[in-house]
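Participant: Pasting a predicted model and its sequence here:
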Amino acid sequence: MKIDAHQHFWNLEKVAYPWLTADYGSIFRTIEAPELEHHLKKAGIDQTVLVQAMDSYEDTDYMLETAAHFDWIGAVVGWVPLDQPDEAARRLEVYRNHSVFKGVRHLIHEESDPDWVIRDEVIEGLRVLAGYDLSFDVVAVFPHHLKHVPYLCEQVPNLRMVIDHLAKPPIKEQGWEPWASQLEAAARYPQVYAKVSGLNTAAADTAEWSARDLQPYIDWAIETFGAGRLMFGSDWPIANLAGDYEQVWRETNKALQDYSAEEITAILGRTAQAFYRMDE
């Protein structure tokens with residue numbers, strides 16, 4: 001099974017997305033499931049993980065409604081207010097009734113406080129999340145958030161986490177440290193996984209990028225995490241800001257071509273299926 005472990009939809013008439021402004025150009029519009037479907041078929045993708053695009057119940061409810069109409073959406077990563085643990089628990093009691101609801105994400109990179117995720121009340125919220133055996137997607141946008149992952153692991157050791165987009169390494173600048181050391185530190189904790197996703201927009205502002213640009217960063221991720229804790233994601237439609245779905249799929253596969261069939265199978269589907277428990 002091939003799985004796209006990170007994609008989004010948004011409906012500007014149903015949900016407010018304050019971060020999505022006209023500066024985003026071609027994706028500043030309603031973008032929904034039918035638009036993605038033909039890209040999935042062309043790439044041979046069997047299922048996707050639909051990830052929240054706003055910290056709101058409206059966005060999560062919209063995603064769950066969408067998932068009910070498209071059986072190729074195998075998991076939904078929604079939102080609850082992690083900084084309000086009691087309210088988070090009440091809402092998780094509701095969302096747990098949806099079999100596709102598999103985890104939570106918060107747009108921590110949109111918070112004015114770069115240390116928001118390690119606040120005491122958020123840690124308590126993450127403990128609530130772990131108590132429901134749900135996962136946490138970490139929007140670690142380097143250089144601010146990746147360094148917090150080991151602390152989160154120590155505070156909430158039973159919480160399964162996945163680092164979105166390899167924490168957006170400084171590919172465009174061909175940077176390396178301290179991103180590489182911070183990723184390695186996060187990888188020391190077996191409950192932490194990472195997504196090979198969103199790298200094209202870290203590499204360029206246009207479609208003028210290739211597997212060669214991504215290769216060192218993907219290689220390091222495989223060296224530190226192993227293929228069994230890495231998963232492919234398109235980050236569509238954000239991906240359209242620097243190419244398109246086909247380019248992301250093609251160049252990611254090129255970057256993986258020298259790895260074993262077992263490793264490629266893990267990254268392109270098996271890891272996501274296990275992490276998000278998509279068979280349950």
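Facilitator: Great, that's in hand.
Participant: the helices in the chain, which residues?
Facilitator: For the chain, helices defined by DSSP state H occupy the ranges 33-43, 57-67, 85-95, 120-131, 149-155, 179-187, 199-203, 211-225, 245-256, 261-265, 271-275.
Participant: do you know how far residue 211 is from residue 255?
Facilitator: 4 Å (C-beta to C-beta, to the nearest Å). Any C-beta I mention is one placed from the backbone N, CA and C, and that applies to glycine too.
Participant: show me the contacts for residue 17.
Facilitator: Residues in contact with residue 17 (C-beta atoms under 8 Å, 6 or more residues apart in numbering) are 10, 53-54, 59.
Participant: number of nearby residues for residue 108?
Facilitator: Using other C-beta atoms under 10 Å, residue 108 has 23 neighbouring residues.
Participant: Residue 46 too?
Facilitator: So residue 46, with other C-beta under 10 Å, has 15 neighbours.
Participant: re the thing from before, of residue 211 and residue 255, who's got more company?
Facilitator: Taking other C-beta under 10 Å, residue 211 and residue 255 do not tie; residue 255 has more neighbours (23 against 16).
Participant: Residue 216 is in contact with that one, correct?
Facilitator: No - in this structure, residue 255 is not within contact of residue 216 by C-beta atoms under 8 Å, at 9.6 Å.
Participant: Comparing the helices of the chain, which comes out most buried?
Facilitator: helix 199-203 (a mean of 25; mean count of other C-beta atoms under 10 Å).
Participant: tell me what it is packed against?
Facilitator: helix 211-225, helix 245-256 (3 or more C-beta pairs under 8 Å, 6 or more residues apart in numbering; DSSP states H and E).
Participant: So which of those helices is nearest residue 34?
Facilitator: Residue 34 lies closest to helix 245-256 among those, at 13.8 Å (C-beta to C-beta).
Participant: Extract the CA atoms of the closest one and return them as CSV.
Facilitator: Only the C-alpha atoms of helix 245-256 are listed here, as CSV (Å, rounded to 0.1, in the frame of the first residue of the first chain):
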residue,chain,number,x,y,z
TYR,A,245,2.2,16.7,-7.0
GLU,A,246,3.8,14.8,-9.8
GLN,A,247,7.2,16.5,-9.4
VAL,A,248,7.2,15.9,-5.6
TRP,A,249,6.3,12.2,-6.1
ARG,A,250,8.9,11.7,-8.9
GLU,A,251,11.8,13.4,-7.3
THR,A,252,11.2,11.8,-3.9
ASN,A,253,11.3,8.4,-5.6
LYS,A,254,14.5,9.4,-7.4
ALA,A,255,16.1,10.3,-4.0
LEU,A,256,15.1,6.9,-2.7
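Participant: so it versus helix 33-43, what angle?
Facilitator: With axes from the mean of the first three to the mean of the last three C-alpha atoms, to 10 degrees defining the directions, helix 245-256 sits at 40 degrees from helix 33-43.
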